[in-house]
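Enquirer: Sequence and predicted structure, then a few things I'm wondering about:
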Amino acid sequence: MTRRLEGTVALITGASSGIGHATASELAREGASVALVGRRKDRLADLAAEITNAGGRALVVPADITDAHAAAEAVERTVEELGRLDTLVNNAGLMLLGPAPGADVNDWRRMIDVNLMGLMYTTHAAVPHLLRAAAEQPRQVADIVNIGSLAGRIAFGMSAVYCATKFGVGAFSEALRQELARQHVRVSVVEPGSVDTELRTHNPAAVQQQLDAHFGDIERLQSQDIADALSYIVTRPRHVAIAELLVRPTEQV
Ligand code: NDP
């Protein structure tokens, strides 16, 4: 198989589980050197070992991206140790559900800090390096892929602030896309429907039961399904930008 990302470097936030984990493996299979960002260092180290054993190159970069300084340092370390940055995958996220009236506002702040501020801090630090990569070989194009959500297209009850953050991801992405398009830094949003990951487990058991009841026995997406979508986006030729990709489980209405 031709490895379409040979010679490039990708940074993936939230690489310690779920979609980020699958995406890092997929981009490494395509030949990218990958920087694995997240707080759970042991999980990142396990993934790095898997990638290295399969012949790839991975760097463990433990960081809490809600800290602007830590997010910037993660980007700088990636460039120092892997040499460049071609692809930024802003995937780290948190989904805390429940009715807005009476909610703990700290939960709101935590979601905004990760889903929006963390994404923006990481992007802010990465853009100069992405602009440089987009002006250079091997691809003369660079990518920012932001993981939004179906909840960034349609707002649902019980998830007002999660939806607000994901609508925000869509707005930020589109504005940035316009700003960077002429310099060949593409900005894309992937909007998954329900994916079988740890995301829901940060909620109390009662909320998880409500989610189970809502989705019933439909076959959910797997993280690899989103990694495939993301791989498609970043391997398009230089003149093709997939700005938005909504991926639902077939049975999700
Ligand atoms: P997971 O809970 O498996 O992954 C979330 C990742 O985010 C973890 O790797 C976690 O790593 C990381 N993360 C959380 N907080 C921070 C932080 N402060 N700093 C750095 N990393 C952080 O869930 P998913 O894989 O499902 O979620 C990935 C993305 O997909 C999220 O943005 C989510 O909103 C989005 N999404 C998911 C859907 C689903 O149904 N699962 C549907 C639509 C969108 P660590 O704890 O090690 O820091």
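Expert: That came in fine, so what should we check first? Numbers count the residues shown, from 1 in each chain.

Enquirer: three-state assignment of residue 225?
Expert: Using DSSP: H, G, I helix; E, B strand; the rest coil, the structure places residue 225 in helix.

Enquirer: ah, wrong one, I meant residue 245
Expert: strand.

Enquirer: So that it lines up with my notes, have the first residue be 27 from now on.
Expert: Happy to do that; since the first residue is 27 now, the last one works out to residue 271.

Enquirer: wait, what's in contact with it?
Expert: 214, 215, 216, 217, 255, 258, 259 (Cβ atoms under 8 Å, 6 or more residues apart in numbering). Any C-beta I mention is one placed from the backbone N, CA and C, and that applies to glycine too.

Enquirer: could you redo the last one with a cut-off of 6 Å?
Expert: 216, 255 (Cβ atoms under 6 Å, 6 or more residues apart in numbering).

Enquirer: Dig out what it forms beta bridges with.
Expert: Taking DSSP bridges as the rule, residue 271 bridges to residue 216.

Enquirer: Tell me the confidence at it?
Expert: Among the per-residue scores, residue 271 holds a pLDDT of 98.

Enquirer: what about the helices in the stretch 127-276 of the chain?
Expert: Using DSSP state H, counting those that start in this stretch, the helices of the stretch 127-276 of the chain run over residues 131-137, 145-160, 186-206, 231-241, 249-260.

Enquirer: same question for the fourth one, mean pLDDT?
Expert: Rounded to a whole number, the mean pLDDT of helix 231-241 is 92.

Enquirer: who touches that helix?
Expert: 123, 220, 226.

Enquirer: please redo it, this time with the cut-off set to 10 Å
Expert: 121-124, 182, 184-185, 219-220, 226-230, 275, 277-278 (Cβ atoms under 10 Å, 6 or more residues apart in numbering).

Enquirer: same check, this time on the first one
Expert: Residues lying outside helix 131-137 but in contact with it, judged by Cβ under 10 Å, 6+ apart, are 92, 119-124, 126, 130, 143, 185-188, 190-192, 228-229.

Enquirer: Kindly provide the distance from residue 68 to residue 224.
Expert: 15 Å (Cβ to Cβ, to the nearest Å).

Enquirer: Look at the closest residue to residue 188 other than its chain neighbours and tell me its secondary structure.
Expert: Spatially, and ignoring its direct neighbours in sequence, residue 188 is nearest to residue 121 (5.0 Å; Cβ to Cβ, 6 or more residues apart in numbering). With three-state DSSP as the basis, residue 121 sits in coil.

Enquirer: Counting neighbours, what do you get for residue 118?
Expert: 26 (other Cβ atoms under 10 Å).

Enquirer: ok, and does the helix or strand harbouring residue 45 reach over to the ligand?
Expert: If you go by DSSP states H and E, residue 45 is part of helix 44-55. Yes - Helix 44-55 comes into contact with the ligand (Cβ under 6 Å from any ligand atom), by way of 44, 45, 46.

Enquirer: Only alpha carbons, please: show that helix as PDB.
Expert: Taking C-alpha atoms only, helix 44-55 is exported to PDB below (Å, rounded to 0.1, in the frame of the first residue of the first chain):
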ATOM      1  CA  GLY A  44     -11.600   6.400  21.500                       C
ATOM      2  CA  ILE A  45     -11.600   8.400  18.200                       C
ATOM      3  CA  GLY A  46      -8.200  10.000  18.900                       C
ATOM      4  CA  HIS A  47      -6.500   6.600  19.600                       C
ATOM      5  CA  ALA A  48      -7.900   5.100  16.300                       C
ATOM      6  CA  THR A  49      -7.000   8.200  14.400                       C
ATOM      7  CA  ALA A  50      -3.400   8.300  15.600                       C
ATOM      8  CA  SER A  51      -3.000   4.600  14.600                       C
ATOM      9  CA  GLU A  52      -4.600   5.300  11.200                       C
ATOM     10  CA  LEU A  53      -2.400   8.300  10.400                       C
ATOM     11  CA  ALA A  54       0.700   6.300  11.500                       C
ATOM     12  CA  ARG A  55      -0.400   3.500   9.100                       C
END
